[in-house]
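S.K.: fold the following and give me the result.
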Amino acid sequence: MKKVSTVATKPSRNISQQKLTIGLDLGDRNSWYCVVDESGQIQSEQRVRTNAKALQEVFGAMPRSRIALEIGTHSPWISRLLSELGHEVIVANARKVRLIGESRKKDDRLDAQSLARLARIDPELLYPVKHRSAQAQADLTMIRARAVLVRARTALVNTARNLAKSSGERLRGCNVRNMNPEKADTLSPELQAALEPLLDGIESLSERIAEYNDRIEALAQDSYPQVALLKQIKGVGTLIALTFVLTLEDPHRFRKSRDVGSYLGLQPARRNSGQSEPQLHISKEGDPYLRTLLVQGAQHILGPFGIDCDLRRWGLKLAERGGRSGKKRAIIATARKLAVLL
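M.R.: As a prediction, the model looks like this:
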């Protein structure tokens, strides 16, 4: 692919002597970067391949600069690579930057310009995101891979049940963890033959999920001793505790423990304008999988099998206030309390 480059015609002084700001708009195969000087003049714009070798060649030869890039699939490893080259790296949350996320002129080159100009003026305008370390990301990948298998198993089980019901029959048992071809023994021979490969696939997925569970338990015991401390909280198991530790990674970056609720999107959104301050739903920002796990933990704590504790009594008392969606609000509030407690 032909490279497109534009260079400012009258730079104020030699580019190597200036404090540069670079905007980098990441693409899956190619990325655009824009270099601006201290006065905001564009020094160069160019496309670069999105791979480690090309990025090292381009940014390794540049003077130490401030580089702003959007959060995305490639941003974790690229931000670490650029930091190792000595640059100041800012990962922007583009969803909060309307100039980029809601622009009507969506273009990689223009987005790179916007990133560079915003980073030059004030990096806080980009709502910087802190990526976790490479080791934490690798460990969290195991948990995310398990979650994909769990979703796939749930979809297959629902499909098998619906196919049986559409023929006027039902599969034996309702526990997805024990779903296997034997559950179809009471079905008609035709339906058994049709569902046997599907049930075999479900059984195989359950075996793989069990293997992931063992690996997650071993990882928590060997590398993350703080998980054992978090598991003392009623309703918190290894999966929730380890996911919480790996997602937050550095708890000291939060000024107060209550800030974790907002970080995970469990705090109600706000729209305070003039005399109007409507009650809104939770913001749902932050990591969606950890938020889901915390809500599941809260459901267990408030459910019929929850162990009596202060948090359960607090949540049940909140649910007793009634009103529309009273139980749902109590579950979300308990999940937020659980996050703060962790």
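S.K.: count of residues packed around the nearest residue to M62 once chain neighbours are set aside?
M.R.: Leaving aside its sequence neighbours, M62 sits nearest to L20 (CB to CB, 6 or more residues apart in numbering; 7.2 Å). Glycine gets a C-beta too; all of them are placed from N, C-alpha and C. By the criterion of other CB atoms under 10 Å, L20 has 22 neighbours.
S.K.: for C34, see how far away L20 is.
M.R.: Separation of L20 from C34 (CB to CB, to the nearest Å): 10 Å.
S.K.: now do the contacts for the residue most central in space within the chain.
M.R.: With distances taken as CA atoms, centre = their mean, D287 lies nearest the centre of the chain, 3.8 Å away. Residues near D287 by CB atoms under 8 Å, 6 or more residues apart in numbering: T247, L264.
S.K.: quick one: low-confidence ranges for the protein?
M.R.: 1-18, 98-106, 270-280, 324 (pLDDT under 70).
S.K.: all the strands of it, in order from the start?
M.R.: 5-7, 21-25, 30-36, 42-49, 66-70, 88-92, 128-129 (DSSP state E).
S.K.: this protein - how does it break down into domains?
M.R.: Described in terms of the TED database, the domain architecture of the chain consists of the residue ranges 21-126, 134-223, 238-271+280-341.
S.K.: buried residues in stretch 285-294?
M.R.: Residues of stretch 285-294 classed as buried: E285, G286, D287, L290, R291, L293, L294 (neighbour count, 16 or more other CB atoms under 10 Å).
S.K.: and these as TSV, adding distance to L118?
M.R.: Formatted as TSV, the buried residues of stretch 285-294 follow (distance: CB to CB, whole Å):
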residue	distance to L118
E285	20
G286	22
D287	25
L290	29
R291	28
L293	34
L294	33
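S.K.: A194 and S167, how far apart?
M.R.: Applying CB to CB, the value for A194 to S167 is 9 Å.
S.K.: these two: who's more crowded?
M.R.: More crowded of A194 and S167, by other CB under 10 Å: A194, with 16 against 13.
S.K.: residue contacts, that one?
M.R.: L163.
S.K.: distance check, it against C174.
M.R.: Separation of A194 from C174 (CB to CB): 20 Å.
S.K.: same check, this time on P197
M.R.: The value you get for P197 to C174, if CB to CB is used, is 21 Å.
S.K.: so what's the residue count around the nearest residue to N30 once chain neighbours are set aside?
M.R.: Closest residue to N30 apart from its sequence neighbours, by CB to CB, 6+ apart: R47 at 5.3 Å. Look at R47: counted by other CB under 10 Å, it has 20 neighbours.
S.K.: one more: the one 4 residues further on?
M.R.: Look at N51: counted by other CB under 10 Å, it has 13 neighbours.
S.K.: same check, this time on the one 10 residues further on
M.R.: A61 has 9 neighbouring residues, counting by other CB under 10 Å.
S.K.: buried ones in stretch 86-98?
M.R.: For stretch 86-98, burial by neighbour count (16+ other CB under 10 Å) applies to H87, V89, I90, V91, A92, A94, V97.
S.K.: same deal with stretch 306-318?
M.R.: Result for stretch 306-318 [16+ other CB under 10 Å]: buried residues G306, L311, R312, W314, G315, L316, L318.
S.K.: quick one on the thing from earlier: among the domains of the chain, which is nearest K231?
M.R.: Ranking the domains of the chain by distance to K231, with CB to CB as the measure, places domain 238-271+280-341 first at 5.3 Å.
S.K.: end to end on that closest one, go ahead and measure it.
M.R.: Length of domain 238-271+280-341, first residue to last, CA to CA, to the nearest Å: 16 Å.
S.K.: report the longest helix in this protein, please.
M.R.: Taking DSSP state H as the assignment, the helix of the chain that covers the most residues is helix 189-223.
S.K.: going by neighbour count, list what's buried in that one.
M.R.: Buried residues in helix 189-223, defined by neighbour count with 16+ other CB under 10 Å: 191-192, 194-195, 198-199, 202-203, 205-206, 209, 212, 216, 219-220.
S.K.: look up how far A164 lies from L156.
M.R.: Per CB to CB, L156 is found 13 Å from A164.
S.K.: please say which of those two ends up with more neighbours.
M.R.: Between L156 and A164, A164 has the larger neighbour count (other CB under 10 Å), namely 22 against 17.
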